[in-house]
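>>> Give me a 3D structure for the following:
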Amino acid sequence: MAIGEVHFIAAATIPDRTNVVDRVRVADLMRRATSPDASMQRNWLPDVLVRALMTPRKMSKIPIPGAPAVILGLMRSPDFVLEQVPSLSCVAIGSGNGVVVEMERTADWLFAGGSDLASKMGLEGAVQDFVAQNSVDSVGGMYPCVKIDRRGLGFLGGTHRFPLYEVSLTHEATAGRWVQENRTTGKRQPLLWPWEIMKSIPTAARRFDDYREAAEDFNPRRGRRA
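Model prediction:
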């Protein structure tokens, strides 16, 4: 039996070490944040980027005080040797690996948004645009986000209120899984782990398109693009 290439993403923080970033990448993110064509307009400059660019120009590698060192890497079969990805960069695997293009477009919010909410919005926006442009089937338009920082793992869910429905995505620690819920109708759909999906039989009852339906009802132009 032929087995396709297997990829894993590894991510971690090193709390007792300081993160170091490339000046060129910081300057690029600042340019994007201040561009009239930025993915999201803002009326303030990201403090972390400003402070980094205030260092002497001869410094090509800039330490970020208070930010722990990070490890982000890609491992490929058959050897699974860690290929480290530079700080302030994006990586994606599987059928959605092309989303990196959209993630780069919102990179200033992913890396210098100023809050967990801003980072989550940047990532969600990138994935939603990729899904719409490529007609990718999804789990309903709400995407689990996990943030790793000095505090450990942060499960970033959220609630969206529309005229049609109020929908939420939360991580239930006791059950160890994400749950999508239509709080207007009471419908709940736990998300399955990959190994559970392989063993399950797809049924229409397990679909959760409530977020997409509510978003498209509110703004029809958010539907799939031709």
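>>> Which residue ranges of this protein form strands?
Listed in chain order, the strands of the chain (DSSP state E) span 7-22, 61-76, 83-84, 145-149, 152-156, 158-161, 166-172, 177-182, 187-190.
>>> same for the third one, what does it pack against?
Strand 83-84 sits against strand 61-76, with contacts defined as 3 or more C-beta pairs under 8 Å, 6 or more residues apart in numbering; DSSP states H and E. In this view, the C-beta of every residue, glycine as well, is placed from N, C-alpha and C.
>>> now the fourth one
With contacts defined as 3+ C-beta pairs under 8 Å, 6+ apart, strand 145-149 has these neighbours: strand 7-22, helix 116-134, strand 152-156.
>>> Any idea how far the last one is from the middle of the chain?
Read that as strand 152-156. For strand 152-156, the distance between its averaged C-alpha position and the chain's averaged C-alpha position is 12 Å (C-alpha atoms, centre = their mean, to the nearest Å).
>>> Burial check on the closest residue to Thr34 other than its chain neighbours, number of neighbours?
Distances taken as C-beta to C-beta, 6 or more residues apart in numbering put Leu45 closest to Thr34, at 7.2 Å, once the chain neighbours are dropped. Number of residues near Leu45 (other C-beta atoms under 10 Å) recorded here: 13.
>>> next one: Trp44
8.
>>> What distance do you get for it to Gly114?
Distance check for Trp44 against Gly114: by C-beta to C-beta, to the nearest Å, it reads 8 Å.
>>> And for Met54?
Relative to Gly114, Met54 is positioned 18 Å away (C-beta to C-beta).
>>> higher neighbour count, these two?
A direct count of neighbours by other C-beta under 10 Å for Met54 and Gly114 places Gly114 higher, at 13 against 8.
>>> Give me the distance between the more buried one and Asp108.
Relative to Asp108, and taking C-beta to C-beta, Gly114 is found at 11 Å.
>>> between the two, what contacts are shared?
Taking C-beta atoms under 8 Å, 6 or more residues apart in numbering as the criterion, Gly114 and Asp108 both touch Pro46.
>>> Run through the residues that contact the residue sitting nearest the centre point of the chain.
Central residue of the chain (C-alpha atoms, centre = their mean): Leu123, 3.6 Å from the mean position. Taking C-beta under 8 Å, 6+ apart as the criterion, Leu123 is in contact with Met103, Thr106, Leu110, Tyr143, Cys145.
>>> Tell me the one among these nearest to Glu213.
Comparing the contacts of Leu123 against Glu213 with C-beta to C-beta picks out Tyr143 as the nearest, at 16.5 Å.
>>> confidence score at the closest one?
Turning to Tyr143, the model gives it a pLDDT of 85.
>>> what sits against it?
Taking C-beta under 8 Å, 6+ apart as the criterion, Tyr143 is in contact with Leu123, Glu124, Val127, Gln128, Leu169.
>>> okay, who's weakest in those residues by pLDDT?
The model is least sure about Gln128 among the contacts of Tyr143, giving it 80.
>>> so how far is stretch 169-177 off the chain centroid?
With C-alpha atoms, centre = their mean as the basis, the distance from the averaged C-alpha position of stretch 169-177 to the chain average is 18 Å.
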